[in-house]
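**Q** Predicted model follows, preceded by the sequence.
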Amino acid sequence: MDDASMSWIKIKASCDRTSLDDVCAIMTMIDSGLEIEDYEEFDALSKSHIYGELVDESILSADRSRASVSVYISSDKPLGEYLSFLNERFRALGINVNITTEGVCEEDWAKSWMQYYHPVKVEKVVIVPAWEEYKPEPGEVIVFMDPGMAFGTGMHETTQLMIKLLSSYVKPGDFVLDIGCGSGILSICAAKLGAARCFACDLDSVAVKVAKKNIHENGVDDIVSCGVSDLLSAVPKDETYSIVCANIVADIILRMAPDVSRYMRDGGLLLISGILEEKAKDVTDVLRSHGFEPVCLINENGWCAVALAKV
């Protein structure tokens, strides 16, 4: 591969499956696209026969006691600093990981998703890869996704938990703010669930580019707008929202806690995901101190999502 085509570096952390949630939490602190290889989950999906089987030989023969998490950073980023950060965090938690790196061109990275990515149903929402044909059942809400270089396929628990909250709380006419939008999946879901307007934002300009493409492909350009923003910094200040959603790590949620309420309507809802169960109380306690009250908490496989009302 020549240097001109090598636009990304893949950082892969291989670990014991029992450490997977902690490894995910640390890797997402890099704020890049997240790729998880958890072969026990592939087994469960294959046995369900709902959306087809995964039959790749390398998956069938993989060690079920192991898992891996990968993130992708631009090749012009300081790789050494990222590796030092990860090693320090893993050592602090006593997690034994094997970290490897490799150069990847953007086209190859995007195509690598396709071998793992299949339709996923969450409540009445079905996330369908843009390259697959799918015949919807009555009442299903179809969201077509091509994640490209952005986080948000619908396969990870944190995304699915947030979709469950959106399915429960989005009402026709709602204004929704999506912080850390990644592929745009949550804003698109909100629009298709009846929201009147959504603003999606992400610090990563590549994610915003991907999100805009997905927004267009789902025909919700008239509802969802998207822009680059470091959390709330570029969110229009002349608008307030009935729902704010953020599927990001706990530390970042706490960073925006003092300011998010000013963007919300009275009685509005803050929906958060990406939180490890053991951190849920700490996060909700801080949000209580900033005028929010939890109204719903759901969890899955060590992750939780919370709906909080502005009071």
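**A** Here it is on my side, so go on.
**Q** Centre of the chain to the host helix or strand of Pro294, how far?
**A** Using DSSP states H and E, Pro294 falls within strand 292-300. Relative to its parent chain, strand 292-300 has a centroid offset of 18 Å by C-alpha atoms, centre = their mean, to the nearest Å.
**Q** isn't Ser225 right up against Val208?
**A** No - using C-beta atoms under 8 Å, Ser225 makes no contact with Val208, being 10.6 Å away. Every residue, glycine included, has its C-beta placed from N, CA and C.
**Q** and those two? which has more neighbours close in?
**A** Val208 (21 against 15; other C-beta atoms under 10 Å).
**Q** And that one, how close does it get to Ala195?
**A** 19 Å (C-beta to C-beta, to the nearest Å).
**Q** before we move on, what about Val69?
**A** 32 Å.
**Q** Does anything pack onto the strand holding Pro294? Which helices or strands?
**A** helix 157-169, helix 280-289, strand 303-310 (3 or more C-beta pairs under 8 Å, 6 or more residues apart in numbering; DSSP states H and E).
**Q** Run through who's touching the second one.
**A** Think helix 280-289. Residues outside helix 280-289 that contact it (C-beta atoms under 8 Å, 6 or more residues apart in numbering): 250, 253-254, 257, 270, 272, 275, 292, 294, 297, 299, 304, 306, 308.
**Q** Any stretches of the protein with poor pLDDT?
**A** Residues of the chain meeting the criterion pLDDT under 70: 1-6, 31-33, 39-62, 106-117, 147-153.
**Q** All the helices of it, residue numbers only.
**A** Applying DSSP state H to the chain gives helices spanning 20-27, 39-48, 57-60, 79-93, 106-112, 157-169, 185-192, 205-217, 250-260, 280-289.
**Q** want to try CSV for these, with distance to Ser242 as columns?
**A** Below are the helices of the chain laid out as CSV (distance: least, C-beta to C-beta, whole Å):
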stretch, distance to Ser242
helix 20-27, 29
helix 39-48, 34
helix 57-60, 42
helix 79-93, 36
helix 106-112, 34
helix 157-169, 9
helix 185-192, 10
helix 205-217, 20
helix 250-260, 13
helix 280-289, 17
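**Q** hey, which of those is tucked in deepest?
**A** Ranked by average neighbour count under the criterion mean count of other C-beta atoms under 10 Å, the helices of the chain are headed by helix 185-192 at a mean of 28.
**Q** Check the offset of that one from the chain's centre.
**A** 13 Å.
**Q** Repeat that for stretch 72-82.
**A** Using C-alpha atoms, centre = their mean, the offset of stretch 72-82 from its chain centre is 21 Å.
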